[in-house]
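Trainee: here's my sequence, what's the structure:
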Amino acid sequence: MAEAGLFAAYAAIGTMAVAPIYFGSFSSLDRLKSTHKKKRDHDEFTEFSDSEDEEDETEAVSTEDAYMFPVYGSIALFSMYLVFKYLNTDWVNYLLSAYFAVLGVAALAQVGVRIVKGTTGIKLPLYHVHLVHKHKTMLHLRFSNLHLAMLGVSMVLTGLYLFSKNWVISNLLGLAFSFSAITLIRLDSFKSGMIMLAGLFAYDIFWVFGTEVMVSVAKNFDAPIKVVFPKDVFPADGKLQFTMLGLGDIVVPGIFLALALRFDRHQYLAKLGYDKEKALPKALNGKHRGFGFPVPYFTSCMGAYVAGLATTISVMHVFKAAQPALLYLSPACILAIVGTAVMRGEIKQVFAYTEESKTEEEENKAKPIKAAPSHRYNLRNQPGAQATPASAGELADDEQEVASVAKVLEETVDPIANVSDSESKKPKAKRAAKKTKAKK
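Mentor: Have a look, this model is predicted:
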């Protein structure tokens, strides 16, 4: 009976590892761009929430970042070891719990919104919070009643976790963290991914087998940074014993698998002749997202991940000792991609593939600047038109019209100015004097 419960725990751990990787990878697929866009009067202030149009801000991992992953990880791990060794463990965990509670509320709310939208296809009116300073957008939040409802649910669940440390809610938080990380953290190339996996492979071996640091931190760190499942759900003595898997063993291979899935879609779109500056290929049936495509690299890498995870659990079960999962997962994922590329004759395409995302500022610079509208009496730039100078009366009427409109605007609208409040509150007499001086 105990043995059956243990194998059930292993199956549960494996399921909780694969689920966020699978769904997070598909969630990382961007909406395709094309010349065909939905017509809107106000692009910036959409009326309804639309899961197809929403794009989250992502964090790119370059080759330089991948080299530094093990270094930063080692510094953070050893720092935590020293903190737990020389400071009060309870107070440290209180601070960490508060920190992860804030992150957990955001992660759970976002995942809840995605689940509801994905299953129901619901679209609700959006609220906008737009913060502007000196004509520049500092903050733009968009949310619906669904976001508010999921935020309330996530706050309740997180509060229950803080007071009870319930392992089920802890798993929900851990899965939400994993899903969000796989969706938002993106490797820019397979080279970066392989460097990261190789570096963390050595990191795991050193800190687990070479020192007591990893095991010590894992025992003292009381936060939802792992998924757990009881070895026996109904123990005779009433004390639950858990088998566990760290979130790093889910997220690190997960962002590599997400890259493999995006490469599969890239290869499929290349065969269709997709170009973001042109209309979508007919084979996509007008779909910017959610269309099917072959996934050979994702499938092989996912199979390798499952096999590596099964090997980790088997070795842990046989030797009754904790195992660094990346010791088995990193080589499995790397070999799966390379092996698939060799078999398909696409090794050059794999290592040439990059994801260079432009920032919003760079994209705005790349856009052509629209010419200012010419005066209605200026016909010089109109081919085939004969320039006829405006009469003095017409120009006078036009100037009078502009002056009257400006006066109305000045009386009714208080524009946003690039000045402080103290500068904007000058006496009217000074303003009038300045205007008289300017006219002279």
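Trainee: what strand or helix carries Phe291?
Mentor: Phe291 is part of no helix or strand, with elements assigned from DSSP states H and E.
Trainee: give me the nearest residue to the residue positioned nearest the centre of the chain, chain neighbours excluded.
Mentor: Geometric centre of the chain, nearest residue: Leu184, 2.4 Å, by C-alpha atoms, centre = their mean. Residue nearest to Leu184 in three dimensions, not counting chain neighbours: Thr58, with 5.1 Å by C-beta to C-beta, 6 or more residues apart in numbering. For every residue, glycine as well, the C-beta is placed using N, CA and C.
Trainee: now do the contacts for that neighbour.
Mentor: Ser28, Thr183, Leu184, Ile185, Arg186, Ser357 (C-beta atoms under 8 Å, 6 or more residues apart in numbering).
Trainee: export those residues to a markdown table and tack on distance to Thr158, pLDDT and secondary structure?
Mentor: What follows is those, written out as a markdown table (distance: C-beta to C-beta, whole Å; pLDDT from 0 to 100; DSSP: H, G, I helix; E, B strand; the rest coil):
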| residue | distance to Thr158 | pLDDT | secondary structure |
| --- | --- | --- | --- |
| Ser28 | 25 | 91 | coil |
| Thr183 | 20 | 93 | helix |
| Leu184 | 20 | 91 | helix |
| Ile185 | 22 | 92 | strand |
| Arg186 | 27 | 93 | strand |
| Ser357 | 32 | 53 | coil |
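Trainee: wait, which of those is closest to Gln349?
Mentor: Checking the contacts of Thr58 against Gln349 by C-beta to C-beta gives Arg186 as the nearest, at 18.6 Å.
Trainee: would you confirm that Phe143 contacts Leu126?
Mentor: Yes: assessed by C-beta atoms under 8 Å, Phe143 is found in contact with Leu126 at 6.9 Å.
Trainee: count the neighbours of Lys282 for me.
Mentor: 8 (other C-beta atoms under 10 Å).
Trainee: if I look at it, how far off is Val102?
Mentor: Distance of Lys282 to Val102, given as C-beta to C-beta, to the nearest Å: 47 Å.
Trainee: hang on, the residue nearest to the centre of the chain packs against Ala60?
Mentor: No: using C-beta under 8 Å, Leu184 is not in contact with Ala60; the gap is 10.1 Å.
Trainee: contacting residues around stretch 276-283?
Mentor: Leu32, Lys33, Ser34, Thr35, His36, Leu269, Leu272, Gly273, Tyr274, Gly286, Lys287, His288.
Trainee: can you give me the strands for the chain?
Mentor: Counting by DSSP state E, one finds strands in the chain at the ranges 59-61, 127-133, 136-143, 185-187, 226-230, 242-246.
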